[in-house]
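> model the following, please.
(one chain, ligands or ions: 1)
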Amino acid sequence: MKNIIKLNQKNLAEISKEIPTPTYNRSQLKTGIVHVGIGGFHRAHEAFYTDQLLQDESITDWGICGVALLDFDTKIYNTLKEQDGLYTLIIKELDGTHTKRVIGAITDYLFAPENPGKVIEKMASPDVKIISLTITEGGYNYNEATQEFDFSNPLIQHDLKNPQAPKTIFGYLTQALKLRKERGLKGCTIQSCDNIQGNGHMAKRMLMSYVQTAEPELTDWIETNVSFPNAMVDRITPATSALDIETLKQTSGIDDAWPVVCEPFKQWVIEDDFIAGRPAWETVGAQFVKDVVPYEKMKLSLLNAGHSVLGILGALYGYSTIDEAASNADISSFLRIYMGNEVTPTLGDLEGVNLKNYKFSLIQRFGNTYIKDQIERICSQSSAKIPIFILPTVYKQLEQKGSINHAAFIIAAFAIYSLGQNEFGTQLIIKDAMEAELNEKAIASQNNPTAFLELESIFGTLKNDETFVKAYNEAYLNIVQNGIEKSVKDINSN
Ligand code: CS2
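As a prediction, this is how the structure comes out:
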């Protein structure tokens, strides 16, 4: 039985006998980055890249302050606080081995609901050059139906009335940028790390909509002093399980309340548009390019959409992890047909990208049996994911009269998934900001399948497209009448 050591700064020397730990002087680092949203993904990605960079001890400007924005984030905040910002990253290699290291890049942490003023001050600090965001696809407050910023969101209304105690990222950024302007400080970069096409553009457009109403005199200053680079971010990071925590204890003797687990693959393609400077992330593997669009399109419409395909079908089959779904021959040929016949024709010529290799590597990544990525995680917040991951493919294919049958099938499968139970009687855990609406329309769809497409904030005007509706109705009825397994076989052979 191993001697168990609690992960914190004081115990690092002891822990370094087991696994690599930060060798740089964490207490000397300035906070150059404020990151909002310190879930697993940030800690497996940006914080990992930054930790690699900080191994070069001459670099001292880029410590990260992690901000937990939502009440829901209390646990992660408390854990980071107890562990001095330290956590273990466990990379689950393709051969089943684990590569572990303690990441030290997060040197400061704030819990916004407890002290909003402190977060605003931190974001306005002269040392801070980048405010980066992982606030999820739904966090941008974009309404698909109106294609505008959603002012009807009660939290946005709260922020407009309580500028000093905001609850949304828009309230925080506005007040922080206002302080920077008032104090005659330089601007900074707002860097989105979310899975959205043109994520930098989206961050800017949504923030500007808010600012125009909240602090209109700030808009010109933001135009000149703040940059919003687009980026494609990638690393599959499942939710940490109790078993991951226990295995780390047993194998390395480290008591870490919230290690992060991820796949070996990682990619970060960024537009080089950092108005106040940036870390030399390219020295640790990030790619800086002029135009991120091709990379984003490819990743969102193949990887993220592929995940949703495996997740939604997998749930209807009764699987609980992505690799289980990927190893089912019918689901995997469904995915190949979708990627090949429906997504690929929408991508055109992606300069600098080898699509064939990319698709091949995706099948391998999805099939990694050691990752055990949860179908529940993938299907969560699908109401925000589908419009970004799948519908752009549908719109483009409809426009160019290409096939949309597999995409329509997935939407039909999602309608059935939203009933909260599959045909085998398994309860499906639906975590979605639109859970109630999804369920209501899913029930209505049992008599009239197109009722589901009335969810305009997801599907816009798709319900008026005859070609789509026909394919969707056929798929829906086929699933209901013949069961998911037979209907997937049918659509694959059509
Ligand atoms: C996933 C992503 O949330 C999802 O549906 O597709 O979290 C995915 O694992 C990451 O984007 C991988 O880079």
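> okay, and the beta partners of Glu148?
Judged by DSSP bridges, the bridge partners of Glu148 are Asn143.
> and it, how many neighbours?
13 (other Cβ atoms under 10 Å). C-beta here means a position set from N, CA and C on the backbone, and glycine is covered the same way.
> contacts only, for Asn368.
Asn368 sits next to 92, 94, 236, 263, 323 when contact means Cβ atoms under 8 Å, 6 or more residues apart in numbering.
> same question, Pro163
Neighbouring residues of Pro163 by Cβ under 8 Å, 6+ apart: 171, 174-175, 214.
> just flag the most distant two among those.
Gln175 and Ala214 (8.8 Å; Cβ to Cβ).
> of the contacts of Pro163, closest to the ligand?
Nearest to the ligand among the contacts of Pro163, counting by Cβ to the nearest ligand atom, is Gly171 at 25.2 Å.
> quick check: mean pLDDT of the helix or strand harbouring that closest one?
Assigned by DSSP states H and E, Gly171 belongs to helix 169-182. For helix 169-182, the mean per-residue pLDDT is 98.
> re the thing from before, tell me which of Gln175 and Ala214 has more neighbours.
Gln175 (25 against 19).
> what sits up against the helix holding Gly171?
36, 69, 112, 116, 119-121, 123-124, 131, 133, 135, 139, 141, 156, 158-160, 162-164, 166, 185-188, 190, 206-207, 210-211, 214-215, 218, 221-222, 225-226.
> which of the contacts of Asn368 are buried?
If you count burial by 16 or more other Cβ atoms under 10 Å, the buried members of those come out as 92, 236, 263, 323.
> can you narrow the residues you listed down to the ones near the ligand?
Counting by Cβ under 6 Å from any ligand atom, Ile236 from the buried ones among the contacts of Asn368 sit close to the ligand.
> ok, so of the buried ones among the contacts of Asn368, who is nearest Ile443?
Closest to Ile443, out of all of these and judged by Cβ to Cβ, is Asp323, at 31.7 Å.
> wait, that closest one touches Ile371, no?
Yes. Counting by Cβ atoms under 8 Å, Ile371 is a contact partner of Asp323 at 6.5 Å.
> circling back to that earlier point, tell me the helix or strand right after the helix holding Gly171.
Defined by DSSP H and E, the subsequent element after helix 169-182 is strand 189-192.
> now do that following strand, average pLDDT.
Strand 189-192 comes out at a mean pLDDT of 98.
> so how far does stretch 227-246 reach from one end to the other?
Stretch 227-246 has an end-to-end distance of 43 Å (Cα to Cα, to the nearest Å).
> pull out the buried residues from that stretch.
227-238, 240, 244-245.
> check stretch 156-167 too.
Buried-residue list, stretch 156-167, by 16+ other Cβ under 10 Å: 156, 159-160, 163, 165-167.
> before we move on, back to that, among the buried residues of stretch 227-246, which are in helices?
Judged by DSSP state H, these include 244-245 as members of helices.
> go through the buried residues of stretch 227-246 and flag which are in strands.
231-234 (DSSP state E).
> low-confidence ranges, this structure, go.
Applying pLDDT under 70 to the chain flags residues 1.
> now the buried members of the contacts of helix 169-182.
36, 69, 112, 116, 119-120, 123-124, 131, 133, 135, 139, 141, 156, 159-160, 163, 166, 185, 187-188, 190, 206-207, 210-211, 214-215, 218, 221-222, 225-226.
> quick one: which of the ones in strands among the buried residues of stretch 227-246 is nearest Gln267?
Asp234 (4.2 Å).
> identify the residues contacting that closest one.
45, 265-268, 299, 303.
> if you set the cut-off to 10 Å instead, what comes out?
41, 45, 195, 263, 265-269, 295, 299, 303-304, 365 (Cβ atoms under 10 Å, 6 or more residues apart in numbering).
> returning to what we had before: which one of the ones in strands among the buried residues of stretch 227-246 is nearest Lys30?
Using Cβ to Cβ, Ala231 is the member of these that lies nearest Lys30, at 22.9 Å.
> surely that closest one touches Arg278?
No. Contact between Ala231 and Arg278 fails when scored by Cβ atoms under 10 Å: they sit 11.4 Å apart.
> joint contacts of these two?
By Cβ under 10 Å, 6+ apart, Ala231 and Arg278 have these common neighbours: 191, 270, 286, 288.
> get me the contact residues on the stretch 151-300 of the chain for the ligand.
Within the stretch 151-300 of the chain, the positions near the ligand by Cβ under 6 Å from any ligand atom are 195, 234-236.
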